[in-house]
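*Asks:* sequence below, structure please.
(2 chains)
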Amino acid sequence: MAGKYDSALSIGALEEGFVLDHIKAGNAMTIYRDLKLGKLDCTVAIIKNASSDKMGRKDIIKVACPIDYLDLDVLGYIDHNITVNVIKDNKIIEKKRLALPKRIVNVIRCKNPRCITSIEQGLDHIFYLADEKSELYRCLYCDTRYSGKK
Amino acid sequence: MSPRHLISPLDFSVEELDRLMDLASDMKSNPGKYAHVCDDKRIATLFYEPSTRTRLSFEAAMMNLGGKVLGFSSADNSSAAKGESVADTVRVVSCYADIVAMRHPKEGAALVASMKSLVPVINAGDGGHQHPTQTLTDLLTIRSLKGGFNGLTYGLCGDLKFGRTVHSLIEALSRYENVRFVLISPEELRIPSYIREELKTKGIPFEEVVRLDESTMKDLDILYMTRVQKERFFNEEDYLRMKDFYILDKEKMKVAPAKMLILHPLPRVNEIAVEVDEDPRAAYFAQAHYGVYIRMALIYTLLGIGGEG
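*Replies:* The predicted structure follows:
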């Protein structure tokens, strides 16, 4: 029944900001949280379950603030297939390609109880890309693979 | 300029390792030449968990070079007991010493220390993760007694899961040509998956076996025995079940190849019977001796005394 309402929903045009498109349906809120978009003092629109020729269903996030506020490394880690459209004067002026970041800082935590991060205060949780093909990340300190779900 | 550290055995290139081992060999042959090169230097040995061999060999190494030693030998005797972080401790200690050797039960502790220290940090063992100076010791022993590393078959036996010496040694030996590994362990103490993956990625042949018998040993040039470490188990029952899984005795040595050297990082418990000590293939006490010379060479190099650092 959801399709019945698709055409009725419209979100205002974005004069300046960025649009995260082709988010896997259901992941928008996770991305909102991980990118800390709730802390931005600007308009954020979340569109869930939009129709997509390519994906069937997708989520979209529109943010009315400069692209500099977006941590592309974190976004690349979460899902490097997301399209980032940079908007100015209501037009797409750039499409940014995401890549798996070489290292990610304070996004995920090491679960190895023997790791120094389990006791040392004030330490950044750093993971490095150990294998690009399998998208495998390991803890910089103890080399434990990150087994959590991306 | 930020100081150079040794955190992983791969921090030195093969060429740098060669130079380090040449230097260690020269120090062994000509100790008098190096007896005062560190007269005005101090090493801080920060040992948060017990160690006999590693700590004393670092201290002996510095003394052989004419330097002085300060430090602590357990976490209870340090500010760690008051809750001080590794980062804070090393920041302070690097004001008192020219170089730091650190052992800590947590994996990655030495890396954290190196990020904050003003002086070179040597990882003297970080939990079950890395033990690079043991690796340097092993490499110097193998090179001195076998003439090199290429084309040899290395058997590693015992606790391959938590045994940090084994992890470091495999990584270091993987950089040489035509090496092969036979990994001998109980099912519960198999090599961690990341090392298995690395060997596969590099195309280095290896096999995993459970039994230490004639067929396992027949092609080995080196048999590296390890202790099942009580301190790595959360559950004592598991430790008791595993601790006497392998015992290398005179009977087993009868069927071992004549050229096969036995190494062990020490301390041993039951895994090598005392009767094997007299076998000319037993090289583990010579190995401990080489450990002092490679640590001397390492201290000398990281302090930049020979113009490197």
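*Asks:* tally of neighbours for A:Asn81?
*Replies:* Neighbour count for A:Asn81, taken as other CB atoms under 10 Å in any protein chain shown: 10. In short, each C-beta sits where N, CA and C put it, glycine included.
*Asks:* and the closest residue to it other than its chain neighbours, what element?
*Replies:* Closest residue to A:Asn81 apart from its sequence neighbours, by CB to CB, 6 or more residues apart in numbering or on different chains: A:His22 at 6.4 Å. Element membership for A:His22, per DSSP states H and E: strand A:16-24.
*Asks:* partner strands of that strand, with direction?
*Replies:* According to DSSP bridges, strand A:16-24 forms sheet pairs with strand A:56-63 (antiparallel), strand A:83-88 (antiparallel).
*Asks:* can you redo those strands as CSV with mean neighbour count and mean pLDDT?
*Replies:* Putting the strands paired with strand A:16-24 into CSV (neighbours: other CB atoms under 10 Å in any protein chain shown; pLDDT from 0 to 100) gives the following:
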stretch, mean neighbour count, mean pLDDT
strand A:56-63, 20, 94
strand A:83-88, 18, 92
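*Asks:* a markdown table for those strands, including distance to A:Asn49?
*Replies:* Formatted as a markdown table, the strands paired with strand A:16-24 follow (distance: least, CB to CB, whole Å):
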| stretch | distance to A:Asn49 |
| --- | --- |
| strand A:56-63 | 5 |
| strand A:83-88 | 17 |
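*Asks:* pull the CA atoms of stretch A:35-47 into CSV?
*Replies:* C-alpha atoms of stretch A:35-47 as CSV (Å, rounded to 0.1, in the frame of the first residue of the first chain):
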residue,chain,number,x,y,z
LEU,A,35,27.1,11.0,11.3
LYS,A,36,25.7,12.9,14.3
LEU,A,37,23.4,14.8,12.1
GLY,A,38,21.1,15.5,15.1
LYS,A,39,23.8,17.8,16.5
LEU,A,40,23.7,20.1,13.4
ASP,A,41,21.9,23.4,13.7
CYS,A,42,20.2,23.1,10.3
THR,A,43,17.3,21.5,8.6
VAL,A,44,17.6,17.7,8.1
ALA,A,45,15.0,15.7,6.1
ILE,A,46,14.9,11.9,6.2
ILE,A,47,12.9,10.2,3.5
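*Asks:* show me what counts as buried in it.
*Replies:* Using 16 or more other CB atoms under 10 Å in any protein chain shown as the test for burial, stretch A:35-47 gives A:35, A:37, A:46-47.
*Asks:* of those, which fall within the contact range of chain B?
*Replies:* For chain B, no contacts are drawn from the buried residues of stretch A:35-47 by CB under 8 Å from any CB of the partner chain.
*Asks:* A:Cys110 sits in which helix or strand?
*Replies:* Short version, using DSSP H and E: A:Cys110 is in no helix or strand.
*Asks:* now do the one 10 residues further on
*Replies:* Counting by DSSP H and E, no helix or strand carries A:Glu120.
*Asks:* state the phi and psi torsions of the spatially closest residue to it that is not a sequence neighbour.
*Replies:* Of all residues not flanking A:Glu120 in the chain, B:Ser85 sits nearest, at 5.4 Å (CB to CB, 6+ apart). Dihedral pair for B:Ser85: phi -80, psi 160, per degrees, to the nearest 10.
*Asks:* and the pLDDT at B:Ser85?
*Replies:* With respect to pLDDT, B:Ser85 has a value of 92.
*Asks:* tell me, how many residues neighbour it?
*Replies:* Residues near B:Ser85, counting by other CB under 10 Å, number 18.
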